[in-house]
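Enquirer: no sequence on this one, just coordinates:
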């Protein structure tokens, strides 16, 4: 019997600031059966799509992306906040629903790779993943799709990702 994944997400009002409804995935992560189901579902959506690497933005994208990569039997590349990666990087700026930030990827992170899957925990306005997709493409690599545990449909993040296949397991 399948687990109702949406019931495993805890919503926290006014975090990290008033007006933001934070979707806490820690309540899903602590349920082994539900977590396994979620990871398998995300991986299955791209299992036969020639994905050679999974890319995930900091920080919860590391958790979700690395486990999806493991399930697919491919490697994982972290996209980090500025100054966190030790080798030469490519930088991309983006807007959050509550501010502005930047991400970096190692210039050599995707060498020899033709097709990647970008994975994050949540699609809100799409800024973080849009920046990640743009970084991957600047490195000359095709994006097979972008996958999320959660999508906040009322924020319209899909609009910023019209040029990508978008998969989300849970919608609010």
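Expert: Looks like it came in fine. Given the structure is predicted, the values throughout are model-derived calculations rather than measurements.
Enquirer: okay, CA-based contacts and neighbour counts for the rest of this
Expert: OK.
Enquirer: Now the phi/psi pair for residue 13, please.
Expert: phi -70, psi 150 (degrees, to the nearest 10).
Enquirer: so it sits right up against residue 24, yeah?
Expert: No - with contact taken as C-alpha atoms under 8 Å, residue 13 and residue 24 are classed as non-touching, separated by 10.5 Å.
Enquirer: May I ask which helix or strand of this structure has the lowest mean pLDDT?
Expert: Least confident helix or strand of the chain, by mean pLDDT, DSSP states H and E, is strand 89-96 with a mean of 88.
Enquirer: Across the sheet, point out what pairs with the nearest residue to residue 165 once chain neighbours are set aside.
Expert: Among residues not flanking residue 165 along the chain, residue 145 sits closest, at 4.6 Å (C-alpha to C-alpha, 6 or more residues apart in numbering). With DSSP bridges applied, residue 145 shows beta-bridge pairing to residue 117.
Enquirer: can you check residue 76 too?
Expert: Under the criterion used here (DSSP bridges), residue 76 is bridged to residue 54.
Enquirer: so what's the residue nearest to residue 165 up against?
Expert: Contact analysis of residue 145 by C-alpha atoms under 8 Å, 6 or more residues apart in numbering lists 116, 117, 118, 164, 165, 166, 167.
Enquirer: Could I have the ChimeraX command that selects the buried members from those?
Expert: The buried residues among the contacts of residue 145 can be selected in ChimeraX (16 or more other C-alpha atoms under 10 Å) with this line:
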select :116,117,118,164,166,167
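Enquirer: Show me which pair in the contacts of residue 145 is furthest apart.
Expert: Greatest spacing in the contacts of residue 145, by C-alpha to C-alpha: 116 and 167 (14.2 Å).
Enquirer: one step back: packing partners for the least confident helix or strand of the chain?
Expert: Using 3 or more C-alpha pairs under 8 Å, 6 or more residues apart in numbering; DSSP states H and E, the elements in contact with strand 89-96 are strand 99-106, helix 127-138.
Enquirer: Deepest in the core, which of the ones you listed is it.
Expert: Comparing those by mean neighbour count (mean count of other C-alpha atoms under 10 Å), helix 127-138 ranks first with a mean of 22.
Enquirer: List of residues touching that helix?
Expert: 56-57, 79, 90-96, 103-105, 110, 118, 120, 123, 142-143, 146, 157, 160-161.
Enquirer: before we move on, what about stretch 35-44?
Expert: Contacts of stretch 35-44 (C-alpha under 8 Å, 6+ apart): 2-3, 5, 28-29, 64, 67-69, 71-72, 147-149, 167-169.
Enquirer: let's see it at 6 Å
Expert: 28, 29, 68 (C-alpha atoms under 6 Å, 6 or more residues apart in numbering).
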